[in-house]
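1. take this sequence and fold it.
(one chain, ligands or ions: 1)
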Amino acid sequence: MKRVHIIGSGIAGLAASVRLAKAGFKVSVFESAAHPGGKLCEMNLGAYRFDKGPSLFTMPHLVNELGELTKTKSQFKFQKLNDVCHYFYEDGTRLKAKSDLNAFADEIHQHLGESREAVLKHLEHSAQLYHYTADLFLHQSLHKPHNFFNIKTIKAIGNIKKLQLSKTMHEANAKRFKNPKTVQLFNRYATYNGSNPYKAPALLNIIPHLEYNIGAFMPNEGMYDITKYIYGLAKEQGVEFYFNHKVEDIVIENEKVKGLKANGSLFESDIVLSDADMHVVYQKLLPSKYTPHKLLNQEKSSSAYIFYWGIKREFTELGVHNILFSDNYEKEFEQLFNSDKPYHDPTVYIHISSKVCKKDAPAGCENWFILINAPHNKSHLPVGYFDELKLNVIKKVNRILKTDILPYIEEESTWDPFTIEKDTSSYGGSLYGNSSNNKFSAFLRHANYSSKIKGLYFCGGSVHPGGGIPLCLLSAKIAGNMIIDKHN
Ligand SMILES: Cc1cc2nc3c(=O)[nH]c(=O)nc-3n(C[C@H](O)[C@H](O)[C@H](O)COP(=O)(O)OP(=O)(O)OC[C@H]3O[C@@H](n4cnc5c(N)ncnc54)[C@H](O)[C@@H]3O)c2cc1C
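-> Just a heads-up that it's a prediction; the model follows:
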């Protein structure tokens, strides 16, 4: 039985461990933290529970697939959200994005004066983009030449005009919609992989398809349930977990993996699969002769500054996901990618899991997760803008919700680019690995295997196909299947 060591118990590391153990490998996971999940973790603050990282869950079938693979009896329970997101603009315009597409188109027509057909056409186009490209870009390695000589690639090339490769996301959306507020609403999807809609390719208009045509979901007990469920499957399959074990080296002999070193001991294995950020792997775990400088020097995705507030009041105008838009989106993104602190009038995202997971806050209260897009932390030193940012957020919340929020905050904690890096080893705290701010970015992510070291593989948000829960789960599938095909 071949032995695989996995570095990191992020969502991709966990999913890969399930796949490999099911295929008959002896699997161990080494995790420097005391708990599984990486960025997909949780926290309690007084009587409140918070998901610390991801809040939006799409493509739940990728989680279910793991349950089906293992034929487990345990169930992963989740619900589809009818209200996808509540949008608020500075001039008082408000609207609700609904899961029912016609109702959503009506809402945009009523509040933003856009034609219903334009909205429906946009969502149909988004579905088409997914249909033409998912098999090529998301479901297989982009680094194996034989993957380019098949029907999927031919299909994608045949539809290349529809992919609008020469346009940015903003250019495509500004052409489709007449109201800048609608453009802003659909530009927002670039942030789902930490990118800038004014630079990112129009192909990223694939993302609304996931949220509207497939749906936005919420696990019944909150986002951390995803981690708990997959971790449970891994334990059922006999995966061994070494928590509080920071990997210090990947041990190589004759350009072949021999194992890894953690907490001063050697753990031998035939295969190492890393779910850690690429920067950790190349700058800390491997000799410098292997470092792919060009790849590591690419622009990083954005990070975030999160305030977790226990709010002793309920706000009926808010839903599970809420966006309070910045008045100058273009400037906000310019600052996000060219400076070291968030814009003074940031877009404020408020996620309230207690709207559907009632146990997450006491009766009459709400657990506010407030995320501000922030530049990734180039200095790797503590970020110093807490007071200024908190004041700007409070001013914005007060202005838009016509309230005085400060007296209602009874619990507070934060996570920022510095502490995200400290806790998860993600470079500069970037949330999604490299940004997708240029049209070649899909091709510039690291492969799911090493071409120089035999037995070394990669999964997780910093490698192909990219960051976010669904893509991380797909990276686990691609890397897992490569290992199974090659070594089983
Ligand atoms: C605030 C925030 C909000 C987000 N919002 C969303 C969202 O709404 N929807 C969405 O889909 N995605 C979202 N994301 C992104 C998503 O969380 C990530 O893309 C995904 O969870 C990354 O998973 P991963 O498998 O790459 O591993 P990570 O979660 O990055 O975990 C890597 C693990 O490796 C461990 N590790 C690293 N180095 C070592 C070492 N040397 N030895 C041992 N262990 C090591 C780390 O401790 C960590 O546990 C968000 C992320 C954050 C932080």
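2. how's the protein carved up into domains?
-> If you go by automatic domain parsing, the domain ranges for the chain are 3-40+221-298+437-487, 116-214.
3. pick the most buried one from those.
-> Of those, the one with the most neighbours on average (mean count of other CB atoms under 10 Å) is domain 3-40+221-298+437-487, at a mean of 21. In this view, the C-beta of every residue, glycine as well, is placed from N, C-alpha and C.
4. tell me the SS of the closest residue to the ligand within the stretch 351-488 of the chain?
-> Closest to the ligand within the stretch 351-488 of the chain is residue 460: 3.0 Å, counting by CB to the nearest ligand atom. Three-state assignment for residue 460 (DSSP: H, G, I helix; E, B strand; the rest coil): coil.
5. one more: residue 315?
-> Classification of residue 315 into helix, strand or coil gives coil, according to three-state DSSP.
6. for the chain, which spans come out with low pLDDT?
-> The chain contains residues with pLDDT under 70 at 145-152, 156-157, 160-161.
7. for the residue of the stretch 251-400 of the chain found nearest the ligand, which non-adjacent residue is spatially closest?
-> For the stretch 251-400 of the chain and the ligand, the shortest gap (CB to the nearest ligand atom) falls at residue 276, measuring 3.5 Å. Spatially, and ignoring its direct neighbours in sequence, residue 276 is nearest to residue 8 (4.5 Å; CB to CB, 6 or more residues apart in numbering).
8. what segments of the stretch 201-350 of the chain are strands?
-> Using DSSP state E, counting those that start in this stretch, the strands of the stretch 201-350 of the chain run over 217-219, 240-242, 247-253, 256-262, 265-268, 271-274, 303-311, 321-324, 348-352.
9. ok, residues contacting the third one?
-> Under the contact criterion CB atoms under 8 Å, 6 or more residues apart in numbering, strand 247-253 has outside partners 7, 30, 32, 257-264, 266, 268, 272, 274, 276, 281, 284-287, 453, 456.
10. ok, now the fifth one?
-> Strand 265-268 is contacted by residues 3, 5, 28, 30, 251, 258-261 when judged by CB under 8 Å, 6+ apart.
11. roughly how far apart are the residue of the stretch 101-250 of the chain found nearest the ligand and residue 257?
-> Residue nearest to the ligand within the stretch 101-250 of the chain: residue 247 (3.6 Å; CB to the nearest ligand atom). Distance, residue 247 to residue 257, using CB to CB, to the nearest Å: 13 Å.
12. same question for residue 138.
-> Separation of residue 138 from residue 257 (CB to CB) stands at 27 Å.
13. what do you get for residue 127?
-> Applying CB to CB, the value for residue 127 to residue 257 is 41 Å.
14. ditto for residue 99
-> 46 Å.
15. tell me which parts of the stretch 301-450 of the chain are close to the ligand?
-> Proximity of the stretch 301-450 of the chain to the ligand, by CB under 6 Å from any ligand atom, involves residues 304, 306, 420, 424-426, 431-432.
16. of those, which belong to helices?
-> Using DSSP state H, the subset of those located in helices is 420, 424.
17. buried subset of the residues of the stretch 301-450 of the chain next to the ligand, written for ChimeraX?
-> To isolate the buried ones among those in ChimeraX, judged by 16 or more other CB atoms under 10 Å, type:
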select :304,306,420,424,425,426,431,432
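18. ok, which pair from the residues of the stretch 301-450 of the chain next to the ligand is furthest apart?
-> Pairwise distances across those peak at 17.8 Å for 306 and 425 (criterion: CB to CB).
19. out of the domains of the chain, which comes closest to residue 54?
-> Among those, the nearest to residue 54 by CB to CB is domain 3-40+221-298+437-487 (5.5 Å).
20. off-centre distance for that closest one?
-> 16 Å (CA atoms, centre = their mean, to the nearest Å).
21. ends of that domain, how far apart?
-> Using CA to CA, to the nearest Å, the end-to-end distance of domain 3-40+221-298+437-487 comes out at 10 Å.
22. going forward, begin numbering at 22 instead of 1
-> Taking 22 as the first residue, the last one we looked at is domain 24-61+242-319+458-508.
23. the strands of the stretch 222-371 of the chain: which one's closest to residue 405?
-> Nearest of the strands of the stretch 222-371 of the chain (CB to CB): strand 324-332, 11.6 Å.
24. packing partners for that closest one?
-> Here strand 324-332 touches strand 63-66, strand 69-72, strand 387-395, helix 407-422, strand 430-436, helix 438-445, going by 3 or more CB pairs under 8 Å, 6 or more residues apart in numbering; DSSP states H and E.
25. mind redoing it with 7 Å?
-> Where contact means 3 or more CB pairs under 7 Å, 6 or more residues apart in numbering; DSSP states H and E, strand 324-332 is packed against strand 63-66, strand 387-395, helix 407-422, strand 430-436.
26. relative to strand 324-332, how tilted is the longest one?
-> Here the directions of helix 407-422 and strand 324-332 differ by 60 degrees (axes from the mean of the first three to the mean of the last three CA atoms, to 10 degrees).
27. and residue 90, backbone torsions?
-> In terms of degrees, to the nearest 10, the main-chain angles of residue 90 are phi -60, psi -40.
28. and the gap between the residue lying closest to it once chain neighbours are set aside and residue 225?
-> Spatial nearest neighbour of residue 90, excluding adjacent residues (CB to CB, 6+ apart): residue 43 at 5.7 Å. Between residue 43 and residue 225 the computed distance is 33 Å (CB to CB).
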